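> model the structure of this input:
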Amino acid sequence: MIFALVALVVLALLASVHRYVWRRFVGDTTAPGSTMRKVGSVAAFVLPLLSVGALTSGRIGAPFWLQQVLAWPGFLWLACLMYLTLALLVGEVVRPLLTRVLARRDAKAAPEAAGSGTSVTTVNGTVPATTGGTRPRTEELVPAGQPGTSTASAVPSTAETEPETVRETEPSPKQGADATAPQPTAPAPTQPPASATALPAPATPLSAPSRRLFVSRVVGGAAAAAGLATVGYGTANVLRGPSVKRVTVPLAKLPRAAHGFRIAVVSDVHIGPILGRAHTRRIVDTINSTSPDLVAVVGDLVDGSVADLGSAAEPLAGLRARHGSFFVTGNHEYFSGAEQWVNHVRELGLIPLENARVEMDGFDLAGVNDVAGETEGQGPDFVRALGDRDRARAAVLLAHQPVVIHDAVEHGVDLQLSGHTHGGQLWPGNYLAELANPTVAGLERYGDTQLFVSRGAGAWGPPVRVGAPADITVVELASRQA
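Next up is the predicted model:
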């Protein structure tokens, strides 16, 4: 029931975000019925379906080829949706400011146009400004012959002062001969030729609707460029493979003989429908280039079954380290058949530590199952892994999730090596990761125990990393006695 409610909330949120993105990128910038609006509307319907397919195809046992077909567009769209939405939210701040700037510019341009003799648009038509920028009289703004006006009102004449009716009188004898003669009439006012008053149409300021369209297109275009460029940059970060980091960790109990012991820590490889065999090969080559004493694979190696991904994991057989390569499960192994993967990595030459411990020269190396294994009765067992050891020796623990650090402190662990967080993977995801993990990335101390968290070598979901570059870390142990 709770899962169904959460799923409904997530779907409602996704629908709302897609509606918002459609409105800003399509509805506000295209004309109804236009080709661009039709294309944008179809994309707004198809892309989220691809994302849902990418998220669920592996869980429902869809053919692996179908998972691969859905994964790239579906997961990339989720990253695009995130950064396009963030860019649009920034645009909401810019939008009113840009609108105000344009309105002020247009308001300033209108009187300047009138003062320079440029035609001015009025409610009754376009008339020229008078010389010197003086405003035409009111009667001059009403064109002659306009319905509801008279010619006399348009062009004043002496006839305006004559009475509308004239009383008839008897002609005087003196006027008798002239009474019947036709009286001269005032010449009718002539209209100037059309060519004399017609002026070029003025460059009028943007009207309110066109200004809104202009602002929507500018903000939408900038948001699209910023969002897509961010996703492109993050995708390139993943595809070029992890970089190598180095960190020195002093351990009080480490003997002088073990000073400088180097552990190559790799986590969250996430071999799957997107990151396959070539990705695994890049990671193996990078690890081998550091010539480590020991390799620690701390969980979330795969996103899929051995049947689908066994061949993609085969390059792990090429790992080279003087004291071997060790593996502990992550939560994603329990989504993919943990027991089968434990057996497969053993066949590839890695040593699984399932709540187990081995003695190295100078320290104990222990490993615990991931907490996700509790659903299968295979969760972490610290007593089994660490309960009967000699606490005078230094202890290094491999545990996928940082949240078990308090158990590590309780059992006298000197250094815990973890992954799981991806460093947030997609900024600002690091802030969310901080809510669920004591440490998101790097080295921190909890009592007498130090915790190192790797950002991981791969990516889950979108093959995109922003603000959290993939890495493989060489942890060099240092003795205080050296």
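
> any low-confidence regions in this protein?
Where the chain drops to pLDDT under 70, the residues are 3, 110, 112-209.

> now the helices for it?
Listed in chain order, the helices of the chain (DSSP state H) span 2-22, 35-56, 64-115, 151-154, 176-179, 194-197, 208-239, 277-289, 306-313, 333-336, 338-347, 382-386, 405-410, 429-436.

> could you single out the most deeply buried of those helices?
For the helices of the chain, the largest average neighbour count (mean count of other CB atoms under 10 Å) is found in helix 333-336, namely a mean of 22. (C-beta placed from N, C-alpha, C; glycine too.)

> export only the CA atoms of that one, formatted as PDB.
What follows is helix 333-336, C-alpha atoms only, in PDB (Å, rounded to 0.1, in the frame of the first residue of the first chain):
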ATOM      1  CA  GLU A 333      23.700  -7.100  -6.400                       C
ATOM      2  CA  TYR A 334      20.600  -8.100  -4.500                       C
ATOM      3  CA  PHE A 335      18.500  -6.700  -7.300                       C
ATOM      4  CA  SER A 336      20.500  -8.800  -9.800                       C
END
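
> from the middle of its chain, how far away would that helix be?
Taking the mean of its C-alpha atoms, helix 333-336 sits 29 Å from the chain's own mean (CA atoms, centre = their mean, to the nearest Å).

> quick one: contacts of that helix?
Defining contact as CB atoms under 8 Å, 6 or more residues apart in numbering, one finds that helix 333-336 is touched by 59, 299-305, 309, 341-342, 370, 372-373, 375-376, 378.

> surely W460 touches Q425?
Yes. W460 is within contact range of Q425, at 7.2 Å (criterion: CB atoms under 8 Å).

> the two: who's more crowded?
Between W460 and Q425, counted using other CB atoms under 10 Å, Q425 has the larger neighbour count: 27 against 17.

> quick one: contacts for D303?
Applying CB under 8 Å, 6+ apart, one finds that D303 lies in contact with G58, H270, I271, G272, P273, L309, H332, F335, S336, W460.

> D414: which of those is nearest?
H332 (27.5 Å; CB to CB).

> burial of that closest one, as a residue count?
25.

> for it, give me phi and psi.
Here is the backbone geometry of H332 (degrees, to the nearest 10): phi -70, psi -20.

> quick one: contacts for G362?
Going by CB under 8 Å, 6+ apart, G362 touches L254, P255, A257, A258, F261, R393, A394.

> do that again at 6 Å, thanks
Neighbouring residues of G362 by CB atoms under 6 Å, 6 or more residues apart in numbering: L254, P255, A257, A258.

> weed out the non-buried ones from the residues you listed.
Neighbour counting with 16 or more other CB atoms under 10 Å marks L254, A258 as buried within those.

> max pairwise distance over the contacts of G362: which two?
Pairwise distances across the contacts of G362 (CB to CB) peak at 8.9 Å, for the pair L254 and A257.

> now A307: how far from S336?
Distance of A307 to S336, computed by CB to CB, to the nearest Å: 10 Å.

> could you do R104 as well?
60 Å.

> just W72 next, same as before
Distance from W72 to S336, by CB to CB: 20 Å.

> cool, and R100?
R100 is 55 Å from S336, by CB to CB.

> repeat that for V26.
Applying CB to CB to V26 and S336 gives a distance of 38 Å.

> try V39
Note on V39: its distance to S336, by CB to CB, is 38 Å.

> contact partners of stretch 366-373?
With contact meaning CB under 6 Å, 6+ apart, stretch 366-373 is reached by 299, 328-331, 334, 353-355, 357, 378-380, 385-386, 397-401.

> just give me the neighbour total for the residue lying closest to G379 once chain neighbours are set aside.
Once flanking residues are discounted, G379 sits nearest to G373: 4.7 Å by CB to CB, 6 or more residues apart in numbering. Using other CB under 10 Å, G373 has 22 neighbouring residues.

> start at 3, not 1
Sounds good: first residue 3 from here, last item G375.

> how far away is G375 from T331?
Distance, G375 to T331, using CB to CB: 6 Å.

> could you find the closest non-adjacent residue to the spatially most central residue of the chain?
The centroid of the chain falls nearest to Y85 when counting by CA atoms, centre = their mean (0.9 Å). Closest residue to Y85 apart from its sequence neighbours, by CB to CB, 6+ apart: G229 at 4.0 Å.

> just checking, that neighbour touches M84?
No. Between G229 and M84 there is no contact under CB atoms under 6 Å: 8.2 Å.

> buried set for stretch 347-357?
By neighbour count on 16+ other CB under 10 Å, the buried set for stretch 347-357 is V347, L350, L352, I353, P354, L355, E356, N357.

> which of those sits closest to Q452?
Minimum separation from Q452 among the buried residues of stretch 347-357 (CB to CB) is found for L355, which lies at 19.2 Å.

> for that closest one, which non-adjacent residue is closest in space?
G369 (2.6 Å).

> can you report how many residues neighbour the one you found?
By other CB under 10 Å, 28 other residues sit near G369.

> kindly report the same for V406.
Other residues lying near V406 total 21 when counted by other CB under 10 Å.

> what about S327, distance to L311?
18 Å.

> what about R395, neighbour count?
Number of residues near R395 (other CB under 10 Å) recorded here: 16.
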